[in-house]
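Q: here you go, sequence then predicted model.
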Protein chains: 2
Amino acid sequence: MTETPDRPSGPFPAAVTVDLVILTVRAEALHVLLIERGKPPYLGLPALPGGYVRPHEDLDAAAIRELREETGLDGHTLHLEQLHGYGAPDRDPRGRTVTTAYLALGPDMPAPVAGTDAGAARWTPVNDALAAGFGLAFDHGGILTDGVERARTKLEYTTVATSFCTEPFTLSELRSVYEVVWGLPLDPSNFRRKVTRTAGFVEPTGERRATDPGRPAALYRRGDARELVPPLLRSSSDVHRPATAPPAHP
Amino acid sequence: MTETPDRPSGPFPAAVTVDLVILTVRAEALHVLLIERGKPPYLGLPALPGGYVRPHEDLDAAAIRELREETGLDGHTLHLEQLHGYGAPDRDPRGRTVTTAYLALGPDMPAPVAGTDAGAARWTPVNDALAAGFGLAFDHGGILTDGVERARTKLEYTTVATSFCTEPFTLSELRSVYEVVWGLPLDPSNFRRKVTRTAGFVEPTGERRATDPGRPAALYRRGDARELVPPLLRSSSDVHRPATAPPAHP
DNA sequence: TCAAAAGTGTTTCTCATACACCCATGT
DNA sequence: ACATGGGTGTATGAGAAACACTTTTGA
């Protein structure tokens, strides 16, 4: 912190909050948990869940607490990481407020607990929430954009994609996570190879699960590895190119 | 922000600061800019430069301002990015203080301006500053560790390494940045190929610079590219293996 | 027995590694 | 001329992309 004494700057009171970008994959689309504001400002508008940090609480602890309060889920079973700090002077009309945004990634979750908070929590497709005119409260549109971008890049070089899956899961389910978050189709067999060849990415359980039609799929659990080397690049790599016109001669 | 009304939590006043991890490469080692604290707490101990955010100032603006005040350098010519927020309740004995740390990377800089601040600023080798018993003020040891780690990984998949070089620079100088930050020797010819084949990483100026003995090196400027795909991995790739004992027969 | 999904094998090609070798300059 | 660093060329091998093919189930 290191203050700079004897100059026009000095400590002034600000409110400290945490906000949560909670993402999950459901119905083949990336969803974010939004609540409806129950009081001004931005009354009735959708917003990210969050709240004030308590006087004797660390930022991470506040994020875990808010996560449980809003979703009923244990912050230790989800992936939770600090995203970014936001402190524009006018971001809250009530007064100077600095927020630390957190990114949470989890499997398709039970219907969100009707928050002790005013408005009920709702899963919203990210594409809808980011559409122009949707109107998130405060600067939450920008925060959501940053969170989604972080999630996309983190899939490349970490194993967090498994956080979106309920254990045990199949490799098709894991691949679907990548396809939904990146918005790209991947080649199933090459994806399988990369995942199973990376030590600690997934661990087979030995069990299988029947699918409606088709061969039962082997089940896996999350492995110990967190970093992914080499990374699973989404650009120019592993993309199953759609059926384009084949070259001239048959 | 989204307060949670009618519950034991609510806004309480906290001080808001920014701290800077300013790194540079000089004398074949990574250095960090530290100031000496001129007043309690932690009087006389080294600390990261930083200060209070002003009442009508954004976090980024505060970081740029502090950077100029402490180094005399323009925040727009250096690489500057938000690092992480730190808000442990007891991190400052004077009261609740939440800080947002920023990471700045720049070329070997002019001797730091004797800060308007109390203690003079000093370049310190990162290895010394992180050694047990060096004793940085507050939680600045942890912040510095996080900053160095961020710098190491960012060299892999972005072009920020060029921020450490004074333009124009040679490819040997750029390679030296990687070697110093990663602590690994790299193969000069393969490094050259990767850098020059990545569009927008560096742009040749057409000029050359004489070296003491040896062929003059071509000079380059930073390119437009910020992301580096494919990344320049530091693990198991491009490492020039040191002279180990050769196989049995000569 | 057919459709659908899981899973394996294989060819082709790209790119990184390792290292030999040539170039340009100061002493 | 020779030592020193800059810079180019290339043989080898690992791994990715593309896709044909086999396996296992439900209807």
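A: Cool, the structure landed. Numbering: from 1, shown residues only, chains lettered A, B, ... in the order given.
Q: how many residues are close by the closest residue to residue A:101 other than its chain neighbours?
A: Nearest residue to residue A:101 in three dimensions, chain neighbours excluded: residue A:83, at 4.2 Å (Cβ to Cβ, 6 or more residues apart in numbering or on different chains). All C-beta atoms are positioned from the backbone trio N, CA, C, and that covers glycine. When neighbours are counted by other Cβ atoms under 10 Å in any protein chain shown, residue A:83 registers 22.
Q: you'd agree residue A:83 is in a strand?
A: Yes. Residue A:83: assigned to a strand according to DSSP: H, G, I helix; E, B strand; the rest coil.
Q: wait, does stretch A:139-153 contact chain B?
A: No. Using Cβ under 8 Å from any Cβ of the partner chain, stretch A:139-153 stays clear of chain B, coming no nearer than 8.6 Å.
Q: run through who's touching that stretch.
A: Taking Cβ atoms under 8 Å, 6 or more residues apart in numbering or on different chains as the criterion, the residues outside stretch A:139-153 that touch it are A:19, A:21, A:23, A:30, A:32, A:47-48, A:83-84, A:86, A:88, A:91, A:101, A:103, A:105, A:126, A:129-130, A:134, A:136, A:160, A:181-182, A:234.
Q: which ones among these map onto strands?
A: Judged by DSSP state E, the subset of the contacts of stretch A:139-153 located in strands is A:19, A:21, A:23, A:30, A:32, A:47, A:83, A:84, A:86, A:101, A:103, A:105.
Q: ok, so of those, who is nearest residue B:227?
A: Using Cβ to Cβ, residue A:84 is the member of the ones in strands among the contacts of stretch A:139-153 that lies nearest residue B:227, at 18.1 Å.
Q: once you drop chain neighbours, what's closest to residue A:29?
A: residue A:125 (4.9 Å).
Q: what do you get for residue A:154?
A: Leaving aside its sequence neighbours, residue A:154 is closest to residue A:160 (5.2 Å, by Cβ to Cβ, 6+ apart).
Q: which of the three states applies to residue A:17?
A: The three-state assignment at residue A:17 reads strand, by three-state DSSP.
Q: that one bridge partners, please.
A: For residue A:17, the beta-bridge partners under DSSP bridges are residue A:52, residue A:99.
Q: that one - how many residues pack around it?
A: The burial metric for residue A:17, expressed as a neighbour count using other Cβ under 10 Å, is 26.
Q: hang on, the earlier thing: report the two of the ones in strands among the contacts of stretch A:139-153 separated the most.
A: Distances among the ones in strands among the contacts of stretch A:139-153 were taken as Cβ to Cβ; the most separated pair is A:30 and A:86, at 21.5 Å.
Q: just the buried members of the contacts of stretch A:139-153?
A: By the neighbour-count criterion of 16 or more other Cβ atoms under 10 Å in any protein chain shown, the contacts of stretch A:139-153 include these buried positions: A:19, A:21, A:23, A:30, A:32, A:47-48, A:83-84, A:86, A:88, A:91, A:101, A:103, A:105, A:126, A:129, A:136, A:160, A:181-182, A:234.
Q: keep only those residues that also lie close to DNA strand C.
A: Subset of these in contact with DNA strand C: empty, counting by Cβ under 7 Å from any atom of the strand.
Q: could you pull out the helices in chain A for me?
A: Shown for chain A, the helices assigned by DSSP state H span residues A:59-71, A:126-130, A:140-157, A:171-182, A:188-197.
Q: wait, which of those helices is closest to residue A:120?
A: The nearest among those, by Cβ to Cβ, is helix A:59-71 at 10.5 Å.
Q: and the contacts of the closest one?
A: Helix A:59-71 is contacted by residues A:18, A:20, A:22, A:33, A:35, A:49-54, A:57, A:73-76, A:78, A:80, A:82, A:100, A:102, A:104, A:106, A:109, A:112-113, A:115-117, A:121, B:4, B:85-87, B:98 when judged by Cβ under 8 Å, 6+ apart.
Q: in chain A, where is pLDDT below threshold?
A: By pLDDT under 70, the weakly predicted segments of chain A are A:1-9, A:111-119, A:235-250.
Q: ok, the residue lying closest to residue A:47 once chain neighbours are set aside - how many residues close by?
A: Closest residue to residue A:47 in three dimensions, ignoring its sequence neighbours and counting by Cβ to Cβ, 6+ apart: residue A:137, at 3.8 Å. Using other Cβ under 10 Å, residue A:137 is surrounded by 21 other residues.
Q: what about residue A:137, distance to residue A:126?
A: With distances defined as Cβ to Cβ, to the nearest Å, the gap from residue A:137 to residue A:126 amounts to 16 Å.
Q: before we move on, the earlier item: give me every residue that touches the residue nearest to residue A:29.
A: Contacts here follow Cβ under 8 Å, 6+ apart; on that basis residue A:125 touches A:29, A:30, A:31.
Q: that one bridge partners, please.
A: Going by DSSP bridges, residue A:125 forms beta bridges with residue A:31.
Q: ok, now which ones touch residue A:224?
A: Applying Cβ under 8 Å, 6+ apart, we find residue A:224 in contact with residue A:200.
Q: now residue A:229, what are its backbone angles?
A: As for residue A:229, its main-chain torsions (degrees, to the nearest 10) stand at phi -120, psi 130.
Q: find the nearest non-adjacent residue to residue A:210, please.
A: The spatially closest residue to residue A:210, leaving aside those adjacent along the chain, is residue A:216, at 4.7 Å (Cβ to Cβ, 6+ apart).
Q: can I get stretch A:161-175 in PDB, CA atoms only?
A: As requested, C-alpha coordinates have been extracted for stretch A:161-175 and formatted as PDB (Å, rounded to 0.1, in the frame of the first residue of the first chain):
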ATOM      1  CA  ALA A 161     -13.000 -27.600 -18.500                       C
ATOM      2  CA  THR A 162     -13.500 -30.600 -16.200                       C
ATOM      3  CA  SER A 163     -15.000 -28.200 -13.700                       C
ATOM      4  CA  PHE A 164     -18.000 -27.900 -16.000                       C
ATOM      5  CA  CYS A 165     -18.700 -31.600 -15.800                       C
ATOM      6  CA  THR A 166     -20.500 -33.600 -13.200                       C
ATOM      7  CA  GLU A 167     -18.400 -36.500 -12.100                       C
ATOM      8  CA  PRO A 168     -18.200 -39.100 -13.500                       C
ATOM      9  CA  PHE A 169     -18.300 -37.800 -17.000                       C
ATOM     10  CA  THR A 170     -17.700 -39.100 -20.500                       C
ATOM     11  CA  LEU A 171     -15.200 -37.700 -23.000                       C
ATOM     12  CA  SER A 172     -18.100 -36.600 -25.200                       C
ATOM     13  CA  GLU A 173     -19.400 -34.500 -22.400                       C
ATOM     14  CA  LEU A 174     -16.000 -33.000 -21.900                       C
ATOM     15  CA  ARG A 175     -15.600 -32.300 -25.600                       C
END
